[in-house]
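Asks: Provided below for reference: sequence and predicted model.
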Amino acid sequence: MAASIPTATRSFIKFIGSELWFSTGYRTPSKCLTRTLSTQSVASTDSEVTRPKRRAEKLSAAMKAFLKRAKEHESKINKYTEEYELGRKHLANMMGIHPDEMTQEHINEAIRYLLPSGLFDKGSRPQFKHPKDILPLNFDFPFDKAGRPYHYQYYTLLPNYHCIMSEAAWRMECLREEEVRIGSTGAPPQEEMKHLSEEYEWMDLRTFLNYFKSNHSEVVQVNEHNRFVILMTKLSKMRLREQDVAFLKQFGSPKTSEINVMDTEEIKKFYVNEQGRKFRTKNGYRKSAIAQVTVYAEGEGILEINGKGIEYFESQYAREQVLFPLVLTSSLNKVDVHARVEGGGEMGQSGAIRHGLSNALLPFVSQQMVNKLSLSGLLDRDSRVKERNKPGQKKARKQFQWRAR
Amino acid sequence: MALCKGKTIYHTLLGIYKQQISTSYFSTNKVLSNMYKDRVPSVQSIGELNALCIDDKPVEKKIRIPAKSEFSSAVTYDPIVQKFINILMRDGKKEKTREIIEQVLENIKMKQIENYHKATTDAEKAMVVTDPLKVFHGAVENCKPLLILKTIVKGGSGYRVPVYCHERRRLRVGINFIIKTCDTRKRKVPLSTVLATEILQAYNNEGNAVGKKHQLHKECEAQRAFAHYRWK
């Protein structure tokens, strides 16, 4: 740890009488330490001090290694806490604060002032903390004295995750057997079974990762989450007992029925002309064509495209496209439409007009018609464009004729 | 443990994939490029739109795949006819192809009216369908095969294996049968007349296009010894 600190700062640290720690390399401390540490102290005193006449029970290699680690850890913490306290007093002296009133916030401020660092990663900047906050405490001893692991899924590497998964699968198997039994014999079910009335939403990836990291200190991947969601959705679709519902509620909750609706203010927005007519202009895009469409409310059914009527387009497909939003909302002879188009070909221009027209039409039709327009996909821009030619090729994908000799 | 068998995992996955695969003809939105991967498919028939939008309740806001350029509220719009046009089209000349198909429908109409007037009794007259679109749909339906042959390479040699296929593929194969029979027409005979006669024959379960379908079925039956290669 000390090797990665620049030498200039290291001398200063010695002066303070403490050691700087880099918190990024360590995992967060967990809660499951108490049991193992307490057993460790009892075992060590028995073997050394009292010396029973019977031969001591044989310790496994794993147990021995763990005891060694725990002892080292304790001595380390004792050593560093002394240094920490000393350093804290010095620091308080330097900053002119009474050492008893010195809090962690004061220390952080002092370090930021004395050792200013411009490093991008905040974790690699100099810190000064209590060793218990920094040293890893989360090694749990999962074996008994004979060297057998406590947890039956220990060798899967993710025991708590696989415990949940296997329980879900086991419940599914039981329910399936029960259904087969009911179907074949016609007997009543042993417990009351029901389908879930609502669809469930399972833990999203971030909370899932945090759940296992904070509770069990297991590092779970994306694949595990996917498998979890698949299994839980399948289980939730079966007929369930009460205990199964309680099991599922640990990991999910019913879906909320909030709907993300279009902004009503933006839909109803329009302007008023000098002559007192309501109108709205919108731009429409398709391929390389751009259209500016203005729709006037309460009109006579005028349709003008670049100074011409619908005969501006020769193709029948193009004409149908222009008229499509008007016919769909049944406002063909109720509004006036003026459009100006540039760029692109015939289909591109007509598509651009369709896009702009259906967006400009929104304030002058009912909500039902707005729904129709949005569901049929007329309000969205068609983002497909022509693929570019590549050097050494005839077209975008087509290649020159070539023969091996 | 049930999870360890592998079979259950397979079945869970299969259940999910089955939801994703839709069986309708025109769910081509799923085949579109990655650009539209996150978008929701739009509704592409006017009957469905009217059924969905009854109240003034606002619908959920989603970014949807834009409507196709041939989709419209015109009376003449028919999805299967548009599909036929797209398959028949050469060099992007859609307008020209549309003219041909309109001519075909007109020819069918004329022919059926002729048949109607030829019929002597009322019972015979009732049998004649004069709606050209109905004839067209019936002809395409009659040409759709149940199975197709797919070559699968096994141990260095290819086998022709009979497999079932989804609706969209069946439609395409059926339309191709009708179109390919017209390749052997004589010169100076317009395509529209040949297509019209072929479609009328297919509507009555006769003609070359239906013959091709039967031939494919026979070949499938001949190759049924290799059917197990489909899943091995």
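Replies: Happy to help now that I have it. In this text the structure is predicted, and so the values were computed from the model without any measurement.
Asks: Buried residues in the host helix or strand of residue A:248, which are they?
Replies: If you go by DSSP states H and E, residue A:248 is part of helix A:242-249. For helix A:242-249, the neighbour count (16 or more other C-beta atoms under 10 Å in any protein chain shown) marks A:244, A:247-248 as buried. The way it works is simple: take the backbone N, C-alpha and C, and place the C-beta from them, glycine included.
Asks: Now do the same contact list for the residue of chain B found nearest chain A.
Replies: Using C-beta to the nearest C-beta, the closest approach of chain B to chain A is made by residue B:42 at 3.0 Å. Applying C-beta atoms under 8 Å, 6 or more residues apart in numbering or on different chains to residue B:42 gives the contacts A:375-377, B:29, B:64-67.
Asks: Please repeat the previous calculation with a cut-off of 6 Å.
Replies: A:376-377, B:64-65, B:67 (C-beta atoms under 6 Å, 6 or more residues apart in numbering or on different chains).
Asks: Not counting the helix holding residue A:248 itself, show me its contacts.
Replies: A:171, A:236.
Asks: Output that helix as CSV, nothing but the C-alphas.
Replies: Taking C-alpha atoms only, helix A:242-249 is exported to CSV below (Å, rounded to 0.1, in the frame of the first residue of the first chain):
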residue,chain,number,x,y,z
GLU,A,242,-49.8,-18.8,0.5
GLN,A,243,-46.3,-19.7,1.5
ASP,A,244,-45.2,-19.5,-2.2
VAL,A,245,-46.6,-16.0,-2.4
ALA,A,246,-44.7,-15.0,0.7
PHE,A,247,-41.6,-16.4,-0.8
LEU,A,248,-42.1,-14.4,-4.0
LYS,A,249,-42.8,-11.2,-2.2
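Asks: what pairs with the next helix or strand after that helix, and is each one parallel or antiparallel?
Replies: Scanning forward in sequence from helix A:242-249 by DSSP H and E, the next helix or strand is strand A:252-254. Applying DSSP bridges, strand A:252-254 is found paired with strand A:200-202 (antiparallel).
Asks: Could you give the average pLDDT over the partner strand?
Replies: Mean per-residue pLDDT for strand A:200-202: 91.
Asks: Would you mark the buried spots in that strand?
Replies: For strand A:200-202, burial by neighbour count (16+ other C-beta under 10 Å) applies to A:200, A:202.
Asks: May I have the phi/psi pair for residue A:194?
Replies: The phi/psi pair for residue A:194 (degrees, to the nearest 10) reads phi -140, psi 150.
Asks: Mind putting the buried residues of helix A:242-249 into JSON lines with pLDDT?
Replies: JSON lines is the format used below for the buried residues of helix A:242-249 (pLDDT from 0 to 100):
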{"residue": "A:244", "pLDDT": "93"}
{"residue": "A:247", "pLDDT": "94"}
{"residue": "A:248", "pLDDT": "94"}
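Asks: what sits against residue A:131?
Replies: A:77, A:80-81.
Asks: Let me know the closest of these to residue B:209.
Replies: The closest of the contacts of residue A:131 to residue B:209 turns out to be residue A:77 (C-beta to C-beta; 86.4 Å).
Asks: on that earlier part again, now do the same for the residue of chain B closest to chain A: its pLDDT.
Replies: Reading off the model, residue B:42 has pLDDT 87.
Asks: will you turn the contacts of residue A:131 into JSON lines that also has distance to chain B, neighbour count and secondary structure?
Replies: Listed next are the contacts of residue A:131 as JSON lines, based on distance: C-beta to the nearest C-beta, whole Å; neighbours: other C-beta atoms under 10 Å in any protein chain shown; DSSP: H, G, I helix; E, B strand; the rest coil:
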{"residue": "A:77", "distance to chain B": "42", "neighbour count": "16", "secondary structure": "helix"}
{"residue": "A:80", "distance to chain B": "46", "neighbour count": "19", "secondary structure": "helix"}
{"residue": "A:81", "distance to chain B": "47", "neighbour count": "13", "secondary structure": "helix"}
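Asks: Find the residue at the geometric middle of chain B.
Replies: For chain B, the residue nearest the mean C-alpha position is residue B:171 (2.3 Å; C-alpha atoms, centre = their mean).
Asks: That residue falls within a helix, correct?
Replies: Yes - counting by DSSP: H, G, I helix; E, B strand; the rest coil, residue B:171 is found in a helix.
Asks: what about the residue lying closest to the residue of chain B closest to chain A once chain neighbours are set aside, which SS state?
Replies: Distances taken as C-beta to C-beta, 6 or more residues apart in numbering or on different chains place residue A:377 nearest to residue B:42, at 3.0 Å, with adjacent residues excluded. The three-state assignment at residue A:377 reads coil, by three-state DSSP.
Asks: Residue B:63 is in contact with residue A:377, correct?
Replies: No - contact criterion C-beta atoms under 6 Å: residue A:377 and residue B:63 do not qualify, at 9.4 Å.
Asks: For the nearest residue to residue B:146 once chain neighbours are set aside, give me phi and psi.
Replies: Among residues not flanking residue B:146 along the chain, residue B:217 sits closest, at 6.8 Å (C-beta to C-beta, 6+ apart). Phi and psi for residue B:217, reported as degrees, to the nearest 10, are phi -60, psi -40.
Asks: I'd like to know how many residues surround residue B:217.
Replies: Neighbourhood size, residue B:217 [other C-beta atoms under 10 Å in any protein chain shown]: 14.
Asks: Which pLDDT value does the model give it?
Replies: At residue B:217, pLDDT is 93.
Asks: Next: residue B:74.
Replies: Looking at residue B:74, its pLDDT is 86.
Asks: tell me the contacts of the residue nearest to residue B:42?
Replies: Here residue A:377 is in contact with B:42, B:64-67 (criterion: C-beta under 6 Å, 6+ apart).
Asks: thinking again about what came up before, which of the contacts of residue A:131 lies closest to residue B:51?
Replies: Set against residue B:51, the nearest of the contacts of residue A:131 by C-beta to C-beta is residue A:77 (70.9 Å).
Asks: Grab the nearest non-local neighbour of that closest one.
Replies: Nearest to residue A:77 is residue A:131, by C-beta to C-beta, 6+ apart, at 5.5 Å.
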